[in-house]
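Student: Quick one, fold the following:
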Amino acid sequence: MRRFVIFLFLFLGSVPALRAQSIPVNPKFGAVSDEEVALTRYDLDTTAAVLLLCRKTDVSVRLDPDASFGKYIVVNERWKILKEEGKKVADYEFFYSTAKNSREKITNIKVNTYNLDAEGKVVKTPMSKEYIFDKRFTDDTRRVTFTAEEVRVGSVVEVTYEWILSNSVIDNLYLQATTYPINLAVTEVSYPDYFTYNTMLKGDSSRIETSNETNLETAVLLGGNPVDYHLRTDYYKVSDVPRLRREPYSIASDSYRLGIVYDLRRFVIPNKKEQNFATSWAQIDFNLKESGYQNPFRTSFKNKQALFEAIAGLEDDESTIMTVWNLLREEVSWNGHTRLSAQSPGETLKAHEGNSADLNALLASALNSIGYTADPVLIHPRSSGDLNEDHVTASAFTAVILRVSTPDRKVYYLDASEDKCGYLNLFDSDYLVEKARWMHPEGGGEWVDLTSVRNPNTNSFSQEVVVNVDPATGLLSGLSNIDVAGYPCYSVKANRDRFSDEDEWIQDTEIDERIDISTMSMTNADKRSDTCHVHYDFQKEIDQSGDYLYIPVFLYPWHLDGAFQREKRMTPVDFNYRHRHLYRFVLNIPEGYEVEQLPRAYNAFCSAANQSNYSLRCTREDNRVIALFNFNLNTLRVPVSGYSELRSFWEGLGNAERAVIVLKKVQ
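Tutor: As a prediction, this is how the structure comes out:
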């Protein structure tokens, strides 16, 4: 307790410093004030259902008497229930391991609930231990649950517990939540100086107050032997932290949460060999090489003869690579798991299935055996947040694809686990990262930019719609022809693959576009390609009023402005890929009608989105109205600073896509 009091005095400062947060609190367990219980709203977020008044988290890696290292987490947190739906925070659930040699457990659980009685006095209700349930969940896992008593709107609930774990890994520590705001949170992380970590602050690091100290400690081992070591303690504090709401067009929301990341850099015990894990990216490369990581990718393919027979007569590299890829995937399927490490190609062939790394290693083995150079490229997906080159970590990468170099040094990137959607330089857009790690055949590695492996102009969605209108029935009848290439092709085919049959696909399209389709087809639907064509004929009801017909230029809006309704945004805007969208709409004017009004012209640019732009122009040509729409998305990301401009741009884009042609009956 003495150390905790000293920490509060040195780090949080005197009483006036505690008032830096909106609601003054004493973080000591049991020190709930009358003002906290009487609180009815949180002015910084009046829509919040619950407020975290304070949380104190101690994470310590200790040298235990048996000379091993364990991790101990002590949490003391206090909640204010503001609305009915906020009561669920009083329900707790933990899982801990009971496997052999595990010493994990959840202990020292204490829960108090504070309410005001009819006379306005604070009533404290401690939770009885009989409400703590510790039950077997699986053969080697137990589940602990408990719920605070007498919880209602207006309650203050405080909880403390200790979690003892067998490992010494310091997991990511978050200081911001997505579902509730935080009034005050302080975190203390301590560990022996045998461990050296690379640390990184996540989110808006300017909001996190930090300090540290080092003290001499003594551990008494079994047998009574004392061991002196230095204990480093890192301190972190945040206050008045808003909840990080989920926002549309955000690929990695969690990566923007305030937090701290610890990655082991070095481990050394006196008189023992030093172990280096993440001193540099070159060290990561070396460790991977020493571990034999690349061996499955470099293994010679056993049945070369079958490969040479399959590619006999092929004159270009693209056909050769695709033929080998297709040949192997006829024998081996993807098991649905994305992994970084691979088994041997022989094992994968024998099993007739494998994870993503297995399939990429198998294809690399085959291509390397017929004169190509196929190397693993390690991926930190966009959905995991940006990779910080200054923060070296062995756990940065979670997926792998291939870099294939032809004999004439042309380079392609591909993911062998892709089924119908993938192609050369066409893989999951989650892998479109600026920093992927290309592992050289001789060892070592270098950064490669996967966002530029495909020219954005080759990512195109082109649609032509030709329609006739029947004034008697109020139906628009027409033909739609769509040609897609690159990532739009990937998306269209991936969408088609969501459905078990063509009827489901057609029904989904009818619902989305509010049309009735009689026939619909797609070319290249069942093979790997970077182009495809979709054709369908349709009918659609239009609006009528007296002598007027209202014809929508677009069958449905592609880019709804509702995605950016909020005036402010907390995270950057992420787009899946850069592309061009071309749309041509042809309306045959029915006999006895004339054009009353054409949509106005649109032409706009967005500098915050790398000069992304759109235009719409409608003209009358003989007995037709022709609308031409062009949209170019030139960026993968728009920073928060550019959100206001993007929002206005997107609103105009939505207005353009709601354009209507007005026809009038000739008198």
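Student: where in the stretch 101-250 of the chain is pLDDT low?
Tutor: 222 (pLDDT under 70).
Student: Would you map the strands across it?
Tutor: With DSSP state E, counting those that start in this stretch as the criterion, the stretch 101-250 of the chain has strands at 105-116, 122-126, 133-138, 141-147, 156-165, 173-174, 182-192, 195-202, 209-220, 226-241.
Student: which one of the ones you listed is the most hemmed in?
Tutor: strand 182-192 (a mean of 22; mean count of other Cβ atoms under 10 Å). Every C-beta, even on glycine, is put in place using the N, C-alpha and C of the backbone.
Student: OK, contacts around the residue nearest to the spatial centre of the chain?
Tutor: With distances taken as Cα atoms, centre = their mean, the residue of the chain nearest its centroid is Ser383 (2.7 Å). Ser383 sits next to 251-252, 430 when contact means Cβ atoms under 8 Å, 6 or more residues apart in numbering.
Student: returning to that earlier point: distance to Asn613 added to the strands of the stretch 101-250 of the chain, as JSON lines?
Tutor: JSON lines is the format used below for the strands of the stretch 101-250 of the chain (distance: least, Cβ to Cβ, whole Å):
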{"stretch": "strand 105-116", "distance to Asn613": "56"}
{"stretch": "strand 122-126", "distance to Asn613": "61"}
{"stretch": "strand 133-138", "distance to Asn613": "55"}
{"stretch": "strand 141-147", "distance to Asn613": "55"}
{"stretch": "strand 156-165", "distance to Asn613": "53"}
{"stretch": "strand 173-174", "distance to Asn613": "39"}
{"stretch": "strand 182-192", "distance to Asn613": "41"}
{"stretch": "strand 195-202", "distance to Asn613": "34"}
{"stretch": "strand 209-220", "distance to Asn613": "43"}
{"stretch": "strand 226-241", "distance to Asn613": "38"}
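Student: which one of these lies closest to Lys28?
Tutor: strand 156-165 (10.1 Å; Cβ to Cβ).
Student: The nearest residue to Tyr490 once chain neighbours are set aside: neighbour count?
Tutor: With sequence-adjacent residues excluded and distances taken as Cβ to Cβ, 6 or more residues apart in numbering, Tyr490 is closest to Cys421, at 4.8 Å. For Cys421, the neighbour count with other Cβ atoms under 10 Å is 23.
Student: correct me, but Cys421 touches Lys493?
Tutor: Yes. The pair Cys421 / Lys493 is scored as a contact, 4.8 Å apart, by Cβ atoms under 8 Å.
Student: Quick one: low-confidence residue ranges for the stretch 551-667 of the chain.
Tutor: If you take pLDDT under 70 as the line, the stretch 551-667 of the chain has these spans: 560-561.
Student: cutoff 80 now
Tutor: 560-562 (pLDDT under 80).
Student: quick one on the thing from earlier: by neighbour count, which of the contacts of Ser383 wins?
Tutor: That'd be Ile251 among these, by other Cβ under 10 Å, with 21 neighbours.
Student: Next, it: phi, psi?
Tutor: phi -80, psi -30 (degrees, to the nearest 10).
Student: OK, contacts around it?
Tutor: 382-383, 430, 574, 576 are the contacts of Ile251 under Cβ under 8 Å, 6+ apart.
Student: Val25 versus that one, what's the distance?
Tutor: 36 Å (Cβ to Cβ, to the nearest Å).
Student: So what's the residue count around Val268?
Tutor: 14.
Student: So which residues make contact with the helix or strand containing Ser644?
Tutor: Using DSSP states H and E, Ser644 sits in helix 643-656. Here helix 643-656 makes contact (Cβ under 8 Å, 6+ apart) with 557, 559-564, 567-569, 573, 599, 602, 604-609, 612, 614, 616, 629, 631, 638.
Student: If we use 6 Å, what do you get?
Tutor: Helix 643-656 is contacted from outside by 559-561, 564, 569, 602, 604, 606, 608-609, 614, 616, 638, using Cβ atoms under 6 Å, 6 or more residues apart in numbering.
Student: circling back: can you redo the contacts of Ser383 as CSV with pLDDT and distance to Phe94?
Tutor: Converted to CSV, the contacts of Ser383 look like this (pLDDT from 0 to 100; distance: Cβ to Cβ, whole Å):
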residue, pLDDT, distance to Phe94
Ile251, 92, 30
Ala252, 89, 27
Asp430, 97, 31
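Student: Out of those, flag the one nearest to Lys302.
Tutor: Asp430 (33.0 Å).
Student: residues contacting the closest one?
Tutor: Shown in contact with Asp430 (Cβ under 6 Å, 6+ apart): 381-383.
Student: CSV for those residues, including distance to Val89 and pLDDT?
Tutor: Converted to CSV, those look like this (distance: Cβ to Cβ, whole Å; pLDDT from 0 to 100):
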residue, distance to Val89, pLDDT
Pro381, 31, 97
Arg382, 31, 96
Ser383, 27, 95
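Student: now the strands for the stretch 251-400 of the chain?
Tutor: With DSSP E, counting those that start in this stretch as the criterion, the stretch 251-400 of the chain has strands spanning 259-267, 275-276, 333-334, 353-354, 373-379, 399-405.
Student: can you give me the strands in the stretch 401-550 of the chain?
Tutor: For the stretch 401-550 of the chain, applying DSSP E, counting those that start in this stretch gives strands covering 411-414, 436-439, 445-448, 460-470, 475-485, 516-522, 531-541, 543-545, 548-552.
Student: Give the buried residues for the second one.
Tutor: Along strand 436-439, the positions that meet the burial threshold by neighbour count (16 or more other Cβ atoms under 10 Å) are 436-439.
Student: now the closest residue to Ile482 other than its chain neighbours, which residues is it bridged with?
Tutor: Nearest residue to Ile482, sequence neighbours excluded (Cβ to Cβ, 6+ apart): Val534, at 4.2 Å. For Val534, the beta-bridge partners under DSSP bridges are Ile482, Met522.
Student: right, so of the strands of the stretch 101-250 of the chain, which gets closest to Leu82?
Tutor: Across the strands of the stretch 101-250 of the chain, closest to Leu82 is strand 156-165 (Cβ to Cβ), at 10.8 Å.
Student: Asn326 is nearest to which of the strands of the stretch 251-400 of the chain?
Tutor: Proximity to Asn326, assessed across the strands of the stretch 251-400 of the chain by Cβ to Cβ, is greatest for strand 333-334 (12.9 Å).
Student: Let me see the residues that make contact with that closest one.
Tutor: 353, 359, 417.
Student: coming back round to it: buried ones among the contacts of helix 643-656?
Tutor: Of these, these count as buried by 16+ other Cβ under 10 Å: 559, 561, 564, 569, 602, 606, 608-609, 614, 616, 638.
Student: Quick check: the gap between Phe95 and Leu165.
Tutor: In terms of Cβ to Cβ, Phe95 sits 12 Å off from Leu165.
Student: I should have written Ser383 there, sorry.
Tutor: From Ser383 over to Leu165 (counting by Cβ to Cβ), the distance is 27 Å.
Student: same check, this time on Tyr583
Tutor: From Tyr583 to Leu165 the distance is 56 Å (Cβ to Cβ).
Student: circling back to that earlier point, turn the buried residues of strand 436-439 into a markdown table, columns for pLDDT and distance to Asp449.
Tutor: Formatted as a markdown table, the buried residues of strand 436-439 follow (pLDDT from 0 to 100; distance: Cβ to Cβ, whole Å):
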| residue | pLDDT | distance to Asp449 |
| --- | --- | --- |
| Ala436 | 97 | 8 |
| Arg437 | 97 | 12 |
| Trp438 | 98 | 10 |
| Met439 | 97 | 16 |
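Student: coming back round to it: can you add mean pLDDT and distance to Gln305 and give the strands of the stretch 251-400 of the chain back as CSV?
Tutor: Listed next are those as CSV, based on pLDDT from 0 to 100; distance: least, Cβ to Cβ, whole Å:
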stretch, mean pLDDT, distance to Gln305
strand 259-267, 90, 46
strand 275-276, 82, 44
strand 333-334, 96, 24
strand 353-354, 97, 23
strand 373-379, 98, 19
strand 399-405, 98, 21
